[in-house]
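Novice: Sequence first, then the predicted structure:
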Amino acid sequence: MSEPWPVHTVVFDLDDTLYPELDFVLSGFAAVDACLREGRGVEGFAEKARELFAAGRRGKIMDEVLPLLGLARDQGLVAELVETYRNHSPNLQLFPDATEILDWLTPRFRLGLITDGCARAQMGKIRALRLDGCIPYRIITDELGRAFGKPSTEPYRRLAALCPGGAEGFVYVADNPHKDFLGAKQSGWRTIRIRRQGGEHAEYVATAAESAEVEVSLLSELRLRLVPDAGSAAHGFTAKAVDTPTVKLATMDRFRPCALGAEEP
């Protein structure tokens, strides 16, 4: 193994990096199922949606399930169900190794988050996982505009502007090489791919441009990969930094409407 990297700020992706996104998906299907059952007397949505999702369908599951239940593909109903899915209160848990590594990182480094996805849904996940209390620096790219989701360099630039220190002292930890690492590398950051067995993108073989510098199978391996850089104190970082007010780009009541994204059912 190479020498550990001296860094000052560790930034994570959210979905399938810190928690299993499937938990949110299934929780959302259950919320939509309840909405249809209670509002229209129609049952069976969650079962059909799970079957399509397991078959690899993404992006239009709401539209595809409705005819299977004898309902027309009414766009007003679809919009209502999408809002139910996004706005429901999920019951989520961090991966065990994510809990462990966040506890270890907190007194040693600044912690950040860069995540794609509908801002309301992503903020709901952050709160359900209680990450708003331990990751102060957060960028939800949906709030920047659709042109600035990953792999754009803009979210990395925005987060770096909040945290003093050189670009080489940032590391981005994520799971999806299709989009997660290009912008980080172009910004001069170090990159680590979490490649969990059975993960959504675990079987994908990344191109050289897409690849992270290092791959790990558990986040606990970061203990061996990272050390606080020599200038951490000079950057103004201490363990108390995690108690500073959370940095957000918008409040919940100012979230703009979200378009259906490729990562949503």
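Specialist: Okay, I see it.

Novice: Start and end of stretch 138-148, how far apart?
Specialist: Distance between the two ends of stretch 138-148: 15 Å, counting by CA to CA, to the nearest Å.

Novice: Check stretch 33-53 too.
Specialist: OK, stretch 33-53 end separation, CA to CA: 15 Å.

Novice: pLDDT of it, averaged?
Specialist: On average, the pLDDT along stretch 33-53 is 95.

Novice: do the same with stretch 227-238
Specialist: Stretch 227-238 shows an average pLDDT of 68 in the prediction.

Novice: likewise stretch 207-224?
Specialist: In this model, stretch 207-224 has an average pLDDT of 96.

Novice: Would you mark the buried spots in it?
Specialist: Residues of stretch 207-224 classed as buried by neighbour count (16 or more other CB atoms under 10 Å): 210, 211, 212, 213, 214, 216, 218, 219, 220, 221, 222. The C-beta positions use only the backbone N, C-alpha and C, and glycine is treated the same way.

Novice: what residues does stretch 20-36 touch?
Specialist: Contact partners of stretch 20-36, identified using CB atoms under 8 Å, 6 or more residues apart in numbering, comprise 15, 42-46, 49-50, 53, 62, 69, 80-81, 84-86, 88, 90-93, 95, 121, 125, 200, 265.

Novice: Next: stretch 201-211.
Specialist: So stretch 201-211 is contacted by 16, 175, 176, 177, 178, 181, 182, 193, 195, 196, 212 (CB under 8 Å, 6+ apart).

Novice: Can you tell me the number of residues neighbouring the residue lying closest to residue 18 once chain neighbours are set aside?
Specialist: Nearest residue to residue 18 in three dimensions, chain neighbours excluded: residue 98, at 4.5 Å (CB to CB, 6 or more residues apart in numbering). Neighbours of residue 98 under the rule other CB atoms under 10 Å: 21.

Novice: CA atoms only: put the helix or strand harbouring residue 98 into PDB for me.
Specialist: Per DSSP states H and E: residue 98 is located in helix 96-105. The C-alpha trace of helix 96-105 is given here as PDB (Å, rounded to 0.1, in the frame of the first residue of the first chain):
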ATOM      1  CA  PRO A  96     -22.100   0.200   9.700                       C
ATOM      2  CA  ASP A  97     -18.700   1.100   8.300                       C
ATOM      3  CA  ALA A  98     -20.000   4.600   7.500                       C
ATOM      4  CA  THR A  99     -20.900   5.200  11.100                       C
ATOM      5  CA  GLU A 100     -17.500   3.900  12.200                       C
ATOM      6  CA  ILE A 101     -15.500   6.100   9.800                       C
ATOM      7  CA  LEU A 102     -17.500   9.200  10.500                       C
ATOM      8  CA  ASP A 103     -16.800   8.800  14.200                       C
ATOM      9  CA  TRP A 104     -13.100   8.400  13.400                       C
ATOM     10  CA  LEU A 105     -12.900  11.300  10.900                       C
END
